[in-house]
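Undergrad: how would this look folded up:
(one chain, ligands or ions: 1)
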Amino acid sequence: MTRRVPTTCPYCGVGCGIVLNVDDSGRIAWVDDDPANLSSVGMLCVKGRFGATFVNHPDRLTTPLVRRDGVLQPATWDEALDLVARRLPEYRGRFGSFASAKATNEDAFVQQKFVRLVMGTNNIDHCTRLCHSPSVEAMLQQLGSGATSNSYADFEAAGCVVVIGCDPGSNHPVIASRLRRAIDDRGVRLVVVNPRRIDLCDRAQVFLQPEPGADVALFNGMARAILDAGVEDRDFIASRTEGYAAWEAAVLELTVEQHAALAAVDAGLLREAALLIARPPAPVGHPPAGRPGTCLLWGMGITQHTQGTANAHALINLALLTGHLGHPGAGISPLRGQNNVQGCGDSGCIPDSLPGYQRLDEGNLASFEGAWGASPPAQPGLKATDMIERILAGDIRAMYIVGENPLLSEPNLHHATMAIQALDFLVVQDIFLHETAALADVVLPACSFAEKDGTFTNSERRVQRVRPAIAAVGESRPDWEIICDLARRMAPGAGVARGQFEYASAAGVFDELARLTPFLRGLSHERLDREGGLQWPCPTPGHPGSPVLYAESFPRGRGLFVPVRQGSFADETPDADYALILNTGRVLYHWHGGTLTRRVRGLLARVDTVPVAIHPDDAAPAAISGGDDVTVYSRRGRLRGAAVVTDAVRPGSVFVPFVKLNESAANFLTNNAYDPQSRIPEYKVCAVRIEKGHAARRRDAAATGALRPQGEAAIDHEPVPGHE
Ligand code: SF4
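TA: Numbers count the residues shown, from 1 in each chain. The predicted structure is shown next:
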């Protein structure tokens, strides 16, 4: 007899509904789709359908671990939490914390409250810093809100969809399915912008393959083409925007041909794409009276650059110019990466805002003090990438990291490893003993999504329930419960009012989050159970939720044009020693660094070696054929993989997914150069060279953990001599 438990997929930001079927032994037997879920409408990708077995993997952490005599050893919860409670107060003022975009909103809310009230700092951040922080910065400045403006259903109602710097077929497969259906059934036009040819290109009307890092030139070129043709939305610009004249002057500095030459694309194709975006034809079944819209979807190909925020500005300028905002079948959608990266930010795990993106101003601090009995600190905290740098400067001496593995996700992993090793005290709370956990002083075992009660918020702002289907594995506990327990052990000395970390349930945590967050105020677990997932803003219990934003106005009033000009393409460009450009991304069968999917046998069997895609023109001189062992070198490290010789990548570039396989990972190569505004690293461009054959392995004894699983935490990539 199986039990069926409807919940939400733990992988990507699409947020598909899944049904876990639990057998008599209490294990997940199989996973079904959930036809009632409005985000996934009965679809799942291979990870959602077959990727849940990691929850019962033998590598799961089952007891707390405490480092004694240099070795991580099993401990009781009291021993571990009392040790953390005793040590952390020493580090007030020199402390930072990473939250988890894979944990629930309830987990995130309690963690940021702990960091602010108990540790007295706003030094809390999460992996949005590494994916869409430029999008959020740009949208907040130009519109006043940092979230997607519309819904997945709008992709199917649009006249044109533009897929920019992302590969939904690998990263957001259910979105890709919805797009294919819209194109095939309704004649929705597709424009793809990507340095790499992706599967969706087969259905694209126009495919533009620009030089990596040339996005501002590309989007300004499109804007210039729209202005030249006189197809901008004059009414929208006049009634809904400001800053137009200065922006227009910047765009008019170059002709379409000059912009196109900078971006290394054909000017005719650039014009064709621009006109489709501005005036898309009506799809099948479009109401005769309505104006067909365009949806702009983008991913980390736009953001993970040293000019990531400028790229996002250029794209949002295009939406303002064409008026494709605020009506069905139109809008802007940064496709979020992790399952709850939207919710982790909404819940306050960012260093310059309280929950609900409420600024650290006097009024907001006073209202949180009224609710919590103590004020959060007023000084903005450090961003995640800055925390890593400030460890090396000696300013951060202790960290508390929940559900995040910076020694796989940070750029330039040798540099990041030196930083983490330099900490005086490190606490990691997670489900596996990954690379970062292996260096911790205390490791706390957390529950997986399948053992938790709570909510995730997906890429279309839909808050959805997460429900416990199986018993907690070993002694693991939900993240929010662990942090509440720790806070209660520390709080008397921290001056926090009694009861601030006492919750009867995850529903109680959510109620407090909703009370303090205006756009969530109408939501509760009980309502979500009754009605299914709802999209914020949902300010009152009777509000139906908001599929489309900005129908009448923007949160900042008028939409702001921000002039941007093409700067240098990247911090590190090819030269005689490192002549190729490295581009990074994902593969369908693994999720990001692979901490979860490497523990799903069926997924690992599909891709068990890092694929290195190289153009035939670059493979031939190095005598590299498809399937050959290859080593890719940058100035910071190297990785071993298997060559895929393909003209899907531009000549002069190689593509490597982020997944770590056989102890090789792209982030040993990537560059810790940052966008000045958002502080996102430039994962998308660095200079590399490639050689046939695998370089010899060498183990670095520094990264040791007594209980480290085989092949997990070894640092096996010495830096290239002469560089860090
Ligand atoms: Fe899960 Fe994303 Fe696949 Fe949906 S598309 S099943 S959310 S991984």
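
Undergrad: List the contacts of the residue in the stretch 51-200 of the chain that the ligand sits nearest to.
TA: Of all residues in the stretch 51-200 of the chain, Val174 sits closest to the ligand, at 3.8 Å by Cβ to the nearest ligand atom. (Glycine included, C-beta is placed from N, CA and C.) By Cβ atoms under 8 Å, 6 or more residues apart in numbering, Val174 lies in contact with Val14, Cys16, Ser39, Ser40, Met43, Leu44, Cys45, Gly48.

Undergrad: contacting residues around the third one?
TA: Listed by Cβ under 8 Å, 6+ apart, the contact set of Ser39 reads Val14, Gly15, Cys16, Gly17, Tyr152, Val174, Asn458, Glu460, Arg462, Gln464, Gly533.

Undergrad: what sits opposite the nearest residue to Val443 once chain neighbours are set aside in the beta ladder?
TA: Excluding the flanking residues, the one nearest Val443 by Cβ to Cβ, 6 or more residues apart in numbering is Leu65, at 4.1 Å. On the basis of DSSP bridges, Leu65 is bridged to Pro74, Val443.

Undergrad: Neighbours of the closest residue to the ligand within the stretch 1-150 of the chain, how many?
TA: Closest residue of the stretch 1-150 of the chain to the ligand, Cβ to the nearest ligand atom: Gly48 (2.3 Å). Using other Cβ atoms under 10 Å, the number of residues around Gly48 comes to 23.

Undergrad: circling back: hang on, the residue of the stretch 51-200 of the chain closest to the ligand in a helix?
TA: Yes: using DSSP: H, G, I helix; E, B strand; the rest coil, the assignment for Val174 is a helix.

Undergrad: now the helices for the stretch 551-700 of the chain?
TA: Here the stretch 551-700 of the chain has its helices, by DSSP state H, counting those that start in this stretch, at 601-606, 616-619.

Undergrad: so which of these comes closest to the ligand?
TA: Judged by Cβ to the nearest ligand atom, the one of the helices of the stretch 551-700 of the chain that comes nearest to the ligand is helix 601-606, at 11.0 Å.

Undergrad: Could you list the buried residues of that closest one?
TA: Residues of helix 601-606 classed as buried by neighbour count (16 or more other Cβ atoms under 10 Å): Leu603, Leu604.

Undergrad: Settle this for me: Ser170 is touching Trp591, isn't it.
TA: No: applying Cβ atoms under 8 Å, one finds Ser170 not in contact with Trp591, separated by 10.3 Å.

Undergrad: Neighbour count: those two, which is higher?
TA: Trp591 (27 against 18).

Undergrad: what's the neighbour count on the residue nearest to Val443?
TA: Neighbours of Leu65 using other Cβ under 10 Å come to 26.

Undergrad: That one contacts Glu79, correct?
TA: No: between Leu65 and Glu79 no contact is recorded; they are 10.2 Å apart, counting by Cβ under 8 Å.

Undergrad: picking up where we left off before, JSON lines for the helices of the stretch 551-700 of the chain, including distance to the ligand and mean pLDDT?
TA: Output for the helices of the stretch 551-700 of the chain, formatted as JSON lines (distance: least, Cβ to the nearest ligand atom, whole Å; pLDDT from 0 to 100):
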{"stretch": "helix 601-606", "distance to the ligand": "11", "mean pLDDT": "87"}
{"stretch": "helix 616-619", "distance to the ligand": "32", "mean pLDDT": "95"}
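
Undergrad: In JSON lines, list those helices along with distance to Asp575.
TA: Formatted as JSON lines, the helices of the stretch 551-700 of the chain follow (distance: least, Cβ to Cβ, whole Å):
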{"stretch": "helix 601-606", "distance to Asp575": "36"}
{"stretch": "helix 616-619", "distance to Asp575": "15"}
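
Undergrad: ok, back up a step: for the residue of the stretch 51-200 of the chain closest to the ligand, give me the pLDDT.
TA: We have a pLDDT of 96 for Val174.

Undergrad: Quick check: it vs Ser664, distance?
TA: 29 Å (Cβ to Cβ, to the nearest Å).

Undergrad: How about the backbone phi and psi for the residue of the stretch 551-700 of the chain found nearest the ligand?
TA: Nearest to the ligand, among the residues of the stretch 551-700 of the chain, is Trp591, at 7.1 Å (Cβ to the nearest ligand atom). The phi and psi values for Trp591, taken as degrees, to the nearest 10, are phi -110, psi 110.

Undergrad: contacting residues around it?
TA: Counted by Cβ under 8 Å, 6+ apart, Trp591 has contacts Tyr11, Cys12, Lys47, Gly51, Thr597, Val659.

Undergrad: rerun at 7 Å
TA: Trp591 is in contact with Tyr11, Lys47, Thr597, counting by Cβ atoms under 7 Å, 6 or more residues apart in numbering.

Undergrad: Redo the residues you listed as CSV? Include neighbour count.
TA: Output for these, formatted as CSV (neighbours: other Cβ atoms under 10 Å):
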residue, neighbour count
Tyr11, 28
Lys47, 22
Thr597, 25
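
Undergrad: Hmm, which of these is lowest in pLDDT?
TA: When these are compared, Thr597 shows the smallest pLDDT, 88.

Undergrad: In contact with that one, which residues?
TA: By Cβ under 7 Å, 6+ apart, the residues touching Thr597 are Lys47, Gly51, Tyr589, His590, Trp591, Leu603, Leu604.

Undergrad: Check the gap between it and Leu143 for me.
TA: Taken as Cβ to Cβ, the span from Thr597 to Leu143 is 35 Å.

Undergrad: I'd like to know which residues of this structure are adjacent to the ligand.
TA: 9, 11-12, 14-16, 40, 44-45, 47-48, 172-174 (Cβ under 6 Å from any ligand atom).

Undergrad: From the centroid of the protein, which residue is nearest?
TA: Gly337 (3.6 Å; Cα atoms, centre = their mean).

Undergrad: Arg180 versus the closest residue to the ligand within the stretch 251-400 of the chain, what's the distance?
TA: Distances between the stretch 251-400 of the chain and the ligand by Cβ to the nearest ligand atom are smallest at Asn339, namely 6.5 Å. The gap separating Asn339 from Arg180 is 23 Å, by Cβ to Cβ.

Undergrad: Give me the more crowded residue out of those two.
TA: Asn339 (29 against 18).

Undergrad: my guess is that one meets Thr455, correct?
TA: No: the pair Asn339 / Thr455 is not scored as a contact, 11.1 Å apart, by Cβ atoms under 7 Å.

Undergrad: Need the overlap of contacts for these two.
TA: Common neighbours of Asn339 and Thr455 (Cβ under 7 Å, 6+ apart) do not exist.

Undergrad: Which stretches in the stretch 151-300 of the chain count as helices?
TA: Remark: helices assigned in the stretch 151-300 of the chain by DSSP H, counting those that start in this stretch are 152-157, 168-171, 173-186, 215-229, 234-240, 244-251, 256-263, 267-278, 300-303.

Undergrad: Lowest average pLDDT across these?
TA: Checking each of those, the one with the poorest mean pLDDT is helix 300-303, at a mean of 85.

Undergrad: and the helix or strand that that helix is followed by, average pLDDT?
TA: Counting by DSSP states H and E, the next helix or strand C-terminal to helix 300-303 is helix 308-322. Averaging pLDDT along helix 308-322 gives 95.

Undergrad: Just want the angle from helix 308-322 to helix 244-251.
TA: 120 degrees (axes from the mean of the first three to the mean of the last three Cα atoms, to 10 degrees).

Undergrad: and helix 308-322, C-alpha only, in CSV?
TA: Backbone C-alpha positions of helix 308-322 (Å, rounded to 0.1, in the frame of the first residue of the first chain) are rendered in CSV as follows:
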residue,chain,number,x,y,z
GLY,A,308,26.0,41.7,-15.6
THR,A,309,23.9,44.6,-14.2
ALA,A,310,24.5,46.7,-17.4
ASN,A,311,23.4,43.7,-19.5
ALA,A,312,20.2,43.4,-17.5
HIS,A,313,19.6,47.2,-17.8
ALA,A,314,19.9,47.0,-21.6
LEU,A,315,17.4,44.2,-21.7
ILE,A,316,14.8,45.9,-19.5
ASN,A,317,15.3,49.1,-21.6
LEU,A,318,14.1,47.0,-24.5
ALA,A,319,10.9,46.0,-22.7
LEU,A,320,10.2,49.6,-21.8
LEU,A,321,10.9,50.7,-25.4
THR,A,322,8.4,48.2,-26.8
